[in-house]
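K.L.:
coords please:
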Amino acid sequence: MKQISILLVLLLNAGCSNDSDVFNSTKVTVIDDMTGHHKSRPIADSILSLYDFPSDSEQDATFRYVLLTDKRLNPVQEISLANGNVSERQNSRDEPTYRDLQILNFYKAVRNAVESFADLYSKDSSLEYSECYATIASEMEILAASNANQKIIIIYSDLQENDDDFSCYSSDDMRLLIDRPNEVFRLLNKRHHMPANLKGVTVYLVYEPISREEDNAFGLMANFYKKILKVRGARVVVQAEGKYFHP
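P.N.:
Predicted coordinates:
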């Protein structure tokens, strides 16, 4: 009788396993700076490699594509793929390739977003203002609130802020950045609050300067962001191109 009871418990546990399975989750956010013409651009294959579906086809995945403009409220496209458990429930015809097709459709949607979404809002001339900090802080807030076990944000930008509180094109403001970076943080943080806890978030700052002046200007702001993000627990990587990422 005891053996039968144990067998029943095992069978019940096996029947409930689909509801208790724990799936990995990957959330990738791309911020694409539309305020000027930059050499470094998002590459779909490089971004998709971060999900590593060949090693984990059951994970749930989210791709968020945000355009950085002269406004704090920006165009966004979000694409999601539910985990394998959800796919199994949706597969009413019990098709053996159902999950594979869902992954391929996710790939296709991300590629289309990377290749065409920005074109809907692109302009021939550069924008006068640039809300870099508010856009980045806003997306950090979303990532900080996410339960994903892999959270990545890729920022394609020269990081040259130009708003009503601070401008990288003002010699006085840049002197303030060098001498009193905490005051610059206070000014920018008024535009959108940066989350206090960014543990588990990997940040890529991607920009390829074409001159020493651009290199120096980007370096100052990149170091500023590295300081405020690292102290909050984020991992920060600065690189010139986005062909490869190492999560």
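
K.L.:
CA only for contacts and neighbour counts going forward, please
P.N.:
Will do.

K.L.:
dump the residue contacts of the residue nearest to Leu68 when sequence neighbours are not counted.
P.N.:
In this structure, Leu68 finds its nearest non-sequential neighbour in Asp33, 4.5 Å apart by CA to CA, 6 or more residues apart in numbering. When the contact criterion is CA atoms under 8 Å, 6 or more residues apart in numbering, the partners of Asp33 are 67-69, 155-158.

K.L.:
With neighbour count and secondary structure as new columns, can these be given to me in TSV?
P.N.:
Shown next, in TSV, are the contacts of Asp33 (neighbours: other CA atoms under 10 Å; DSSP: H, G, I helix; E, B strand; the rest coil):
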residue	neighbour count	secondary structure
Leu67	23	strand
Leu68	28	strand
Thr69	24	coil
Ile155	25	strand
Tyr156	27	strand
Ser157	25	coil
Asp158	25	coil
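
K.L.:
Can you add distance to Asn105 and pLDDT and give the residues you listed back as a markdown table?
P.N.:
A markdown table is the format used below for the contacts of Asp33 (distance: CA to CA, whole Å; pLDDT from 0 to 100):
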| residue | distance to Asn105 | pLDDT |
| --- | --- | --- |
| Leu67 | 23 | 96 |
| Leu68 | 26 | 96 |
| Thr69 | 29 | 95 |
| Ile155 | 25 | 98 |
| Tyr156 | 25 | 97 |
| Ser157 | 28 | 96 |
| Asp158 | 32 | 96 |
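
K.L.:
ok, the residues you listed vs Val236, which is closest?
P.N.:
Proximity to Val236 was ranked across these by CA to CA; first place goes to Ile155, at 10.8 Å.

K.L.:
what's across from the closest one in the sheet?
P.N.:
When assigned by DSSP bridges, Ile155 has beta-bridge partners Ile31, Leu205.

K.L.:
Go ahead and confirm it touches Val30.
P.N.:
Yes. Counting by CA atoms under 8 Å, Ile155 touches Val30, with 6.0 Å between them.

K.L.:
what residues are up against the residue nearest the centre of the chain?
P.N.:
Central residue of the chain (CA atoms, centre = their mean): Thr29, 2.0 Å from the mean position. In this structure, Thr29 makes contact with 63-66, 139, 152-154, judged by CA under 8 Å, 6+ apart.

K.L.:
Can you list which of those are found in helices?
P.N.:
In this view, the contacts of Thr29 that belong to helices under DSSP state H are Glu139.

K.L.:
Let me have the contacts of Thr29 in CSV, extended by distance to Gln102.
P.N.:
Rendered in CSV, the data for those read as follows (distance: CA to CA, whole Å):
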residue, distance to Gln102
Phe63, 14
Arg64, 18
Tyr65, 20
Val66, 23
Glu139, 26
Ile152, 22
Ile153, 23
Ile154, 24
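
K.L.:
now, which of the contacts of Thr29 sits nearest Tyr129?
P.N.:
When the contacts of Thr29 are ranked by distance to Tyr129 (CA to CA), Val66 comes first, at 16.8 Å.
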